[in-house]
Every structure is written in structure tokens, then in C-alpha cells.
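Chemist: 3D, please:
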Amino acid sequence: MTDTTIKQASFASSLLANRAAQLKAGAAPAAARDMIAFTYGLPAEESFPAKEIAEATAWVMQHQAASALQYNSPEPLSEFLIDYIRKEQGIELATQNLLVTAGSGQALSLVCRLLIDKGDYIVVEAPTFLGAVTTFRKAEAEIVEVPLDENGMDIDALDKTLTDLRTQGKSVKFIYTIPTFQNPTGVTMSLERRKHLLEVAERHQVLVLEDDAYHGLLFEGEVPPWLWTLDDKGIVLHCGTFSKTLAAGMRLGWLGGSADLVSRTAGLKDEGGTNPFAGYIAAKFAENGRLERHTNELSNLYRRKRDRMLSGLERYMPDGARWNIPHGGFFIWVELPEGLDTVKMLSKAVKSGVNYLPGTACFASGKGNNTLRLAFSFVKLDQIEQGMRILGEIIREEMESDA
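Modeler: Numbers count the residues shown, from 1 in each chain. Predicted structure coming up:
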């Protein structure tokens, strides 16, 4: 049998529907290297601690090979996380409160499998993480947007949205939020709003799914406690990941929450368990404060890149363009004057050697034609100003052609 004998009709419709997104995601690192890529929220390749990971691997092979190479769960990583979260956030956890996953993406998928029936509703920020929207759509959920501003999700709007949906008899399964260094805007939700969000969610009896992919990548100031830390009702599920702070290729993350929800979610992991070998290596790497020291080094690297991008925006963007100043994370969100179309502009930018993510990709509703997300994480520091100059020229040309 050859590949040509397998007809498209043989494949699940969900696979065919998502094929373009899969191909794009798989090609992301290679495509990003071929141009000045402000598109992808990838960790900087120069940030990977290859030497230290090699040393941790050698230690594991010498001292823990029998466990790390066997069908197993990455118990050392679970133990590290329980201790780390206790020190970092003051949460006292048992092993039943934490599930190690293959990145936070798997955690999102598992939560959807646990909670979502076709037609159930999920409330998200507008804009939000494209990957989460894709996951929710695969689960056949209905997605409702709530706006955000410089302090995070508009909780009054959330309250009204939940009230309206309940009045209509709609089943809202959870609120999805990225409260710290939000993707794509870089906004951090204030402490006041975090408390208000939990109050509203508890009153409406709706769970909260907190995605904290950029934890630790702080450039200045302070970050409020996790929603999970503030939760005393057991309504928060918390997703974390090592993809941004250690190595994305290790595919390690976690899901935290009430013992009941986490244990039910663990029962859905039918692929044989999260890679124990990678988990043992990550745990060895992270011990004795090495993860925290490495994360601080990453923060310094990404702060320099953010500052270079902000300088380029100030220098090359036309009047009428607006952008945020993130205090951590990977992204800057840009709003251009009304009437400009960042999807239309993208082909010109790519021909000029610059790539970015049109803002429409970050809205479940597809709005935001005049917005774009700029990722400063992956691009080389010495490429940023040139990329901003090219992008500024293209935007000015578009404004002149529309005049």
C-alpha cells in the first residue's frame, strides 16, 4: 500500500478541518529562522540551557536510569513542583492536587475532555491565545468573548455576560483567562480584578481555567498572586508549563486544582503517561534554585528585546498607532488607525522579510482587523530595529494608499 491509496475520506473530519493549523504550527521554528519573525511566541533559541540539561541527563542516567527509562510517572518533577509552588505561592499541595502533563497544551485539552460537551460555552478574553481557541473549537464548544483593558479582563462585562447566558439557558463550563503577561496583549490582571473575577465566578458557579505560561518572566515591578492562590472555593484549575522557562521540546507542564477535578482529569490520560525521562531530567535541572536563576537570566534577555522593540515602535510607527508596555512575557500588542487591515498588509511584510501575527487570529470572533501581535522572544536582538523600520514603512505606505 502506498500513501496515495489512502483517501482523504478515510480521515476524521476534525483532522481535516485542522490540517492547515497543524502544518503552520509544525513549520513555525523553521519559518521563523528565514526572516525577521515577530510572529511566533517561541522561546529564544539562545536561551536553552543545553549544557546544564546535558549534565542533568548524565546524572539521571547514572543514578536514576531504571526509573527514568521505565513505564513510570515523573515523580521527582511532581515533588519539585509541590515544593516550588509552596515556596512561590504559599499553596500547600498534596500529590492529588497536581498532574504533570505534556505541556500546558495537553492540560487545556484534558480539561476540555473532562468538562465540555458539544455546544457548551466557554468565556474568554478578547483578544486571547489562538492555541486555546483552536483547542476549544476542537472540543465543539461555543466561545464568548469579554473585553479586556490595561488591568485585564473587564469583570463587570464578564458578570453581565454570565448573567445573559444563564438567562438564555446556556451551559457555561468555565472562564478561560491568562491573567499574567497575557497572550497576545502582555497585560497583567490587577489584584483587585483577580479577586472580583473569583467572586463573580463563584456567584455564577462557573469554574476558572487559569493559564500561566509566562510565569517568572518578569521585567519590572511585581505580579499579583495566582488566581489559584487566591481561590478558597476550589473553582480554579491552573495550567503551568516549562516550555517558556526551560525548553519547549521537553513538553512538560502541569495542571493544578482540587483533588477531585485533578484526579478525574488524570483518568483521561490514556496515552501512557507524560514522558518520565524528560520529567526526571527537568527535576534534576531545577533543583537547588537553578530553575529560578535560569528564569532570572531569561527575564534579563527578554527585557532587552522588549526594550529594543519599544524603541523601534517609538521611532518608526506613524501617528495614530498605539501599543502597550508589557512588564513581562513575550508580546507587544499594537493597534493601528481604523481602516488599516493587518491581514492585507501581511503579504507585503513577508515579501520584505518581516512576519507578524494579524490580530484577527487572536479574536474568537475574527475582529481586530487593525491590530497585530509582535513577539519579541524568538527574534535576534540585533534584528529587531531593522524589522521595526521595515514594518513602519509598510504601515505608512498603507496609510498613504488609503488616504
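
Chemist: low-scoring stretches of this structure, by residue?
Modeler: Where the chain drops to pLDDT under 70, the residues are 1-33, 271-273, 402-403.

Chemist: spatially central residue for it, please.
Modeler: By C-alpha atoms, centre = their mean, the chain has its centre lying nearest to residue 213, at 5.0 Å.

Chemist: which phi and psi does that residue have?
Modeler: phi -70, psi -20 (degrees, to the nearest 10).

Chemist: quick check: it touching residue 243?
Modeler: Yes - using C-beta atoms under 8 Å, residue 213 makes contact with residue 243 at a distance of 7.1 Å. To be clear about C-beta, it is placed using only N, CA and C from the backbone, and glycine gets the same treatment.

Chemist: quick one, what contacts residue 112?
Modeler: By C-beta atoms under 8 Å, 6 or more residues apart in numbering, the contact list for residue 112 reads 135, 136, 138, 139, 141.

Chemist: burial of the first one, as a residue count?
Modeler: Put plainly, it is residue 135. For residue 135, the number of neighbouring residues by other C-beta atoms under 10 Å comes to 20.

Chemist: what's the nearest residue to it if we skip its chain neighbours?
Modeler: Leaving aside its chain neighbours, residue 135 sits nearest to residue 108 (4.9 Å; criterion: C-beta to C-beta, 6 or more residues apart in numbering).

Chemist: in which helix or strand does the one you found reside?
Modeler: Element membership for residue 108 (DSSP states H and E) is helix 103-115.

Chemist: give me the sheet partners of the helix or strand following that helix and which way each runs.
Modeler: Per DSSP H and E, the first helix or strand lying C-terminal to helix 103-115 is strand 121-126. Next to strand 121-126 in the sheet, as set by DSSP bridges, lie strand 142-149 (parallel), strand 172-177 (parallel).

Chemist: next one: residue 214 from residue 244, what distance?
Modeler: As judged by C-beta to C-beta, to the nearest Å, residue 214 and residue 244 stand 6 Å apart.

Chemist: what is in contact with these two at once?
Modeler: residue 330.

Chemist: tell me the SS of residue 373?
Modeler: Counting by DSSP: H, G, I helix; E, B strand; the rest coil, the backbone at residue 373 sits in strand.

Chemist: for residue 333, that is, sorry about that
Modeler: strand.

Chemist: what separation is there between it and residue 183?
Modeler: Separation of residue 333 from residue 183 (C-beta to C-beta) stands at 10 Å.

Chemist: what about the two, which has more around it?
Modeler: Neighbour comparison, residue 333 and residue 183: the larger count goes to residue 183, with 25 against 22 (by other C-beta under 10 Å).

Chemist: for that one, list the residues it contacts.
Modeler: Going by C-beta under 8 Å, 6+ apart, residue 183 touches 41, 128, 129, 213, 214, 329, 330, 331.

Chemist: now that we have those, which one has the most neighbours?
Modeler: residue 329 (29 neighbours).

Chemist: what about the closest residue to it other than its chain neighbours, neighbour count?
Modeler: Nearest non-adjacent residue to residue 329, counting by C-beta to C-beta, 6+ apart: residue 181, 2.9 Å away. By the other C-beta under 10 Å criterion, the neighbourhood of residue 181 contains 25 residues.

Chemist: tell me the secondary structure for residue 181?
Modeler: Under three-state DSSP, residue 181 falls in the coil class.

Chemist: how near is it to residue 192?
Modeler: 18 Å.

Chemist: wait, residue 356 touches residue 346, no?
Modeler: Yes - under the criterion of C-beta under 8 Å, residue 356 makes contact with residue 346 at 7.1 Å.

Chemist: and the two? which has more neighbours close in?
Modeler: Comparing residue 356 with residue 346 by other C-beta under 10 Å, the one with more neighbours is residue 356, at 22 against 18.

Chemist: now for that one: which residues touch it?
Modeler: Applying C-beta under 8 Å, 6+ apart, one finds that residue 356 lies in contact with 38, 39, 342, 346, 349, 372, 373, 374, 391.

Chemist: burial count for residue 332?
Modeler: Residues lying near residue 332 (other C-beta under 10 Å) number 22.

Chemist: so who does it touch?
Modeler: 186, 306, 309, 310, 313, 323, 324, 325, 326, 373, 374, 376.

Chemist: nearest spatial neighbour of residue 243, chain-adjacent residues omitted?
Modeler: The nearest residue in space to residue 243 (C-beta to C-beta, 6+ apart) is residue 103, at 5.6 Å.

Chemist: likewise residue 371?
Modeler: residue 359 (2.8 Å).

Chemist: so how many other residues sit close to the one you found?
Modeler: Residue 359: 24 neighbours (other C-beta under 10 Å).

Chemist: ok so, going back, nearest to residue 262 among the contacts of residue 332?
Modeler: Lowest distance from residue 262 to those (C-beta to C-beta) belongs to residue 186, with 29.4 Å.

Chemist: that closest one and residue 110, how far apart?
Modeler: Residue 186 is 27 Å from residue 110, by C-beta to C-beta.

Chemist: domain ranges for this structure?
Modeler: Per automatic domain parsing, the structural domains of the chain span 3-48+292-402, 50-290.

Chemist: which of those sits most buried?
Modeler: domain 50-290 (a mean of 19; mean count of other C-beta atoms under 10 Å).

Chemist: so where do the strands sit in the stretch 201-350 of the chain?
Modeler: 207-211, 236-241, 253-256, 322-323, 331-335 (DSSP state E, counting those that start in this stretch).

Chemist: chain center to the fourth one: distance?
Modeler: Chain-centre distance of strand 322-323: 21 Å, with C-alpha atoms, centre = their mean, to the nearest Å.

Chemist: counting by contacts, list what that strand packs against.
Modeler: strand 331-335 (3 or more C-beta pairs under 8 Å, 6 or more residues apart in numbering; DSSP states H and E).

Chemist: phi first, then psi, for residue 400.
Modeler: Main-chain dihedrals, residue 400, degrees, to the nearest 10: phi -70, psi -40.

Chemist: once you drop chain neighbours, what's closest to residue 384?
Modeler: residue 308 (4.4 Å).
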